[in-house]
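In: 3D, please:
(one chain, ligands or ions: 2)
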Amino acid sequence: MKFSITTIYASIIWLVLCPWMTELSAADSDRPNVVFVFSDDHAVNAISAYGGPLAEVAPTPNIDRIAREGALFQNSFCANSICGPSRACILTGKHSHKNGFMRNDGKGFDSSQWTFAKSIQASGYQTAVIGKWHLHTDPVGFDYWEILPGQGHYYNPVFLQMDGSQKKFEGYVTDLTTDKSIEWLQQRDKDKPFLLMCQHKAPHRTFAPALRHLGSLDEVEIPEPATLFDNYANRSATLAKNEMEIDRHMTWAYDLKLRDDERGDLELPSFRNYGTPEYNRMTSEQRAQWDAHFAPKNAEFVRDYRAGKINDRQLVQWKYRRYAQNYLETVKAVDDSVGRLLKYLDDNDLAKNTIVIYSSDQGFYLGEHGWFDKRWMFEESFKMPFVIRWPGMIKPGSRPEAMIQNIDYAPTFMECAGLPIPEEVQGHSLMPVLRDSSKKVRDSLYYAYYELGEHAVPQHFGVRTKDHKLFYLPATDEWQMFDLNKDPSELVNVYHNPEYSAVRTQLSQEYERLRRKFDAPNY
Ligand code: SGN
Ligand code: CA
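Out: Ligands and ions are numbered 1, 2, ... in the order given. Below is the predicted model of the structure:
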C-alpha cells in the first residue's frame, strides 16, 4: 500500500485532533442527557395519566409525574406492533422493511447499519442499554450493555454480559434492571452527557408481579372492557380465528397461575400447556410468598367450579380478573423503577438537563375484543405510551395531539444532541412539537405487520389518519376501514358502506402514497 505525504499529514492531524474533538463535545454541557425508560407490552390503558378506564384502580404515580412535568402524547403509535421490530424502528428511525428486522423470527438485527445510538456515542455521549433487548445480535453503539437473553425471566433472571458470559441474579427482573441502571449512572464519567436506555421485560407475558405487589389489587374491583365478549361480527372473518382470547387461549398454569397440582382432576377447557417456568425458577422463600397469595384463591376457585357455581360467562370474567390483576400488579414495579430513576436525577442535580421518556414497544389488549397480546393495527395495540419531560423546553402538562410514531425517536434524539439527521431516516424529529405542543409532524401513519402466524394474526398493512383507519389483509384479500370518531372501538368495517365512498377513495390514495414514499415492498 502506498501513502502520499498528504495522507500521512492528514492522518497525523486527525490523530492529534480526534481526542481533542471528543473532549470538546463532551465538555458541551448544553447537550442534554437522555434517560429512556422502555417497557414491554405496556398498554396506554394501564397508565393512569392516560386517563383510561383503569386509571383509578391502578395508578402509576411516577409515570404520571413525567406527564405532569412534561408532555403526554395522546396519539403515539408504533410502525409494526411487535417487540423486536419496534425496537429496530426506534434505533434506526426507519420502517421494518428498511431496517430489515421485520419479524421476531430470531434472524437478528443487522447492527452494521446506522443507528442513533452509534451516532450519539461517536459524538461524545456515554451510552448504555440495560434489560430487554430482543434483537438477537449484541448491542452496538453502547459503551455498556447488560441484557436479558431473548424474552428473559421475571424471577432470578440471567443477564448476558459484554464479555459473552451469562450471570444469574437473585431477585425480580424489573428491580434488577433498575439497580443496574442506577449503578451505571453512578459510575459514569460525570463530565460527559449520557444516554441510558433502561428497558424492562415487564409487563410482558407471563405477567408475573413482584412479590411485594402480589395482592395489592385484591380488594379493587377491576372494570371490564365493553368489548370483552366481542363476537367479531361486521369485520373480517379472520378476527374470529385469532389465538389470543382470554377465554379460549389463556393457559391455566402459565398465564392464569393455577398449576396442574392445584387443579387436581378438575376438568377445565384448555388450550396449550406451557407449564410454570417462573414458578420453577423461584427460591423456596419466593415460592412461599407466591403461594400465600395464589393458593387460597385457587382452592376457592376449584371448589366453586367443581360445585357448578361458575357458568361459561363467569369463567371468562374470572380469567379476565385474574389476568388484569396480575398485569396491573406487574406494572407497579415498572412505575417504581421510574420513581427510583427520577429520584436519582433529583438527588444528583441532573433533572434539569436530562430528557426523561417513558414508552413501551407496543400497546396491548387488556380484554378489549376479548383479547390479550397485540399485533393488530387496532388502537389498543397500535398505540404506544409516550410521555416526556425536558425542563425548560417542554411546557409542563402539555398534551400534544400530533400523531407520532416510533420511527420518530431516532431523529428526535439526534436533534436533541445537536447532530444531523441522516437522509435515509424515515421518521420526523419531534422537536417542533416539544417546543410547541400544538404543532404536528404528519397527517397520516403507515403501518406494516409481517409476522407469519403467532396468535393467528395475519399480515396486514394500513394507513391511519386523525379520523379514519384503513388496512389490507393480503391472505384473504380484504380491506377493513373504521370511522374512529363514530366507532372508537373499531367494531364495524365501513369499507363497503356507500356513505364512506369518498373517504375510502381518499384513504386508499393516501395508503398508496405512503407505500411509494417509504418504498414499501410488494405483499
Ligand atoms: C412470546 C409470547 C407471545 C408473544 C410473543 C411476542 N409467548 O412468544 O404471547 O406474543 O412473545 O412478544 S410466550 O409463551 O413466550 O410468553 S414480544 O413482546 O416479544 O413481541
Ligand atoms: Ca412487546
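In: any low-confidence regions in this protein?
Out: Applying pLDDT under 70 to the chain picks out residues 1-29.
In: could you chop it up by domain?
Out: Using automatic domain parsing, the domains assigned to the chain come out as 32-207+337-442, 459-517.
In: export those to JSON lines and tack on distance to residue 285 and mean neighbour count?
Out: (Each C-beta comes from the backbone N, C-alpha and C, glycine too.) Below are the domains of the chain laid out as JSON lines (distance: least, CB to CB, whole Å; neighbours: other CB atoms under 10 Å):
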{"stretch": "domain 32-207+337-442", "distance to residue 285": "10", "mean neighbour count": "21"}
{"stretch": "domain 459-517", "distance to residue 285": "44", "mean neighbour count": "16"}
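In: make TSV from these and add distance to ligand 1 to it.
Out: Listed next are the domains of the chain as TSV, based on distance: least, CB to the nearest ligand atom, whole Å:
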stretch	distance to ligand 1
domain 32-207+337-442	3
domain 459-517	15
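In: doesn't residue 455 fall inside a helix?
Out: Yes - checked against DSSP: H, G, I helix; E, B strand; the rest coil, residue 455 lies within a helix.
In: leaving aside the residues next to it on the chain, what's closest to it?
Out: Once flanking residues are discounted, residue 455 sits nearest to residue 244: 4.3 Å by CB to CB, 6 or more residues apart in numbering.
In: again with residue 170
Out: Excluding the flanking residues, the one nearest residue 170 by CB to CB, 6+ apart is residue 156, at 5.2 Å.
In: my guess is that neighbour meets residue 168, correct?
Out: Yes - Residue 156 is in contact with residue 168 according to CB atoms under 8 Å; the separation is 6.2 Å.
In: before we move on, the earlier item: what sits against the residue nearest to residue 455?
Out: Residues in contact with residue 244 (CB atoms under 8 Å, 6 or more residues apart in numbering) are 365, 371-373, 375, 455-457.
In: so what pairs up with residue 388 in the strands?
Out: residue 71, residue 357 (DSSP bridges).
In: distance of it from residue 354?
Out: Distance of residue 388 to residue 354, computed by CB to CB, to the nearest Å: 11 Å.
In: can you count the residues close to residue 304?
Out: 13 (other CB atoms under 10 Å).
In: could we number from 283 for the rest of this?
Out: Yes, from this point I'll number from 283; that puts the last item at residue 586.
In: where's it, which helix or strand?
Out: If you go by DSSP states H and E, residue 586 is part of helix 566-588.
In: following element in sequence after that helix, please.
Out: helix 594-629.
In: counting by contacts, list what that following helix packs against.
Out: When contacts are defined as 3 or more CB pairs under 8 Å, 6 or more residues apart in numbering; DSSP states H and E, helix 594-629 packs onto strand 315-321, helix 343-351, helix 455-469, helix 528-531, strand 636-642.
In: what's the closest of those to residue 580?
Out: The closest of these to residue 580 is helix 528-531. By CB to CB, the value is 17.5 Å.
In: show me what that closest one is in contact with.
Out: Surrounding helix 528-531, the residues in contact under the criterion CB under 8 Å, 6+ apart are 510, 524-525, 551, 553, 597-598, 601-602, 605, 649, 652-654, 737.
In: from the chain's centroid, how far away is it?
Out: Counting by CA atoms, centre = their mean, to the nearest Å, helix 528-531 is centred 23 Å from the centre of its parent chain.
In: kindly report the same for stretch 605-620.
Out: Average the C-alpha atoms of stretch 605-620, do the same for its chain, and the two points are 14 Å apart (CA atoms, centre = their mean).
In: quick one: buried residues of that stretch?
Out: Neighbour counts over stretch 605-620 (16 or more other CB atoms under 10 Å) mark 605-620 as buried.
In: keeping just the C-alphas, turn it into PDB.
Out: C-alpha atoms of stretch 605-620 as PDB (Å, rounded to 0.1, in the frame of the first residue of the first chain):
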ATOM      1  CA  TYR A 605     -55.200 -11.600  34.100                       C
ATOM      2  CA  ALA A 606     -55.900  -7.900  34.600                       C
ATOM      3  CA  GLN A 607     -54.900  -8.100  38.300                       C
ATOM      4  CA  ASN A 608     -51.600  -9.800  37.500                       C
ATOM      5  CA  TYR A 609     -50.800  -7.500  34.700                       C
ATOM      6  CA  LEU A 610     -51.600  -4.300  36.600                       C
ATOM      7  CA  GLU A 611     -49.600  -5.600  39.600                       C
ATOM      8  CA  THR A 612     -46.700  -6.300  37.300                       C
ATOM      9  CA  VAL A 613     -46.900  -2.700  36.100                       C
ATOM     10  CA  LYS A 614     -46.400  -1.400  39.700                       C
ATOM     11  CA  ALA A 615     -42.700  -2.400  39.800                       C
ATOM     12  CA  VAL A 616     -42.200  -0.600  36.400                       C
ATOM     13  CA  ASP A 617     -43.700   2.500  37.900                       C
ATOM     14  CA  ASP A 618     -41.500   2.100  41.000                       C
ATOM     15  CA  SER A 619     -38.500   1.900  38.600                       C
ATOM     16  CA  VAL A 620     -39.400   5.200  37.000                       C
END
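In: look up the closest residue to residue 393, ignoring the ones flanking it.
Out: Spatially, and ignoring its direct neighbours in sequence, residue 393 is nearest to residue 422 (4.1 Å; CB to CB, 6+ apart).
In: need the residues of this structure near ligand 2, please.
Out: 322-323, 365, 643 (CB under 5 Å from the ion).
In: let's have the residues you listed in a markdown table, adding distance to residue 570.
Out: Output for the residues of the chain next to ligand 2, formatted as a markdown table (distance: CB to CB, whole Å):
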| residue | distance to residue 570 |
| --- | --- |
| 322 | 28 |
| 323 | 28 |
| 365 | 33 |
| 643 | 33 |
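In: of these, which pair is most distant in space?
Out: Across these, no pair lies farther apart than 323 and 365, at 8.0 Å, counting by CB to CB.
In: so what sits against both of these two?
Out: Both residue 323 and residue 365 are in contact with 643-644, where contact means CB under 8 Å, 6+ apart.
In: residue contacts, whichever residue of the chain sits closest to ligand 2?
Out: Residue nearest to ligand 2 within the chain (CB to the ion): residue 365, separated by 3.7 Å. Taking CB under 8 Å, 6+ apart as the criterion, residue 365 is in contact with 322-323, 386, 416, 643-644.
In: apply 7 Å and report the result again.
Out: When contacts are counted by CB atoms under 7 Å, 6 or more residues apart in numbering, residue 365 touches 322, 386, 416, 643.
In: export those to a markdown table and tack on distance to residue 794?
Out: As requested, these are exported to a markdown table (distance: CB to CB, whole Å):
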| residue | distance to residue 794 |
| --- | --- |
| 322 | 33 |
| 386 | 28 |
| 416 | 32 |
| 643 | 28 |
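In: which single one of those residues is nearest to residue 575?
Out: Proximity of the contacts of residue 365 to residue 575 (CB to CB) peaks at residue 322, which lies at 23.1 Å.
In: pretty sure residue 448 is touching residue 442, no?
Out: Yes - contact criterion CB atoms under 7 Å: residue 448 and residue 442 qualify, at 5.7 Å.
In: overlap of the contact sets of the two?
Out: Common contacts of residue 448 and residue 442, defined by CB under 7 Å, 6+ apart, comprise residue 431.
In: tally of neighbours for residue 588?
Out: As a burial measure, residue 588 scores 13 neighbours (other CB under 10 Å).
In: so what's it closest to, chain neighbours aside?
Out: residue 548 (6.0 Å).
In: and for residue 567, the neighbour number?
Out: So residue 567, with other CB under 10 Å, has 9 neighbours.
In: can you say which helix or strand has the residue lying closest to residue 505 once chain neighbours are set aside in it?
Out: Spatial nearest neighbour of residue 505, excluding adjacent residues (CB to CB, 6+ apart): residue 335 at 5.1 Å. Assessed by DSSP H and E, residue 335 sits outside every helix and strand.
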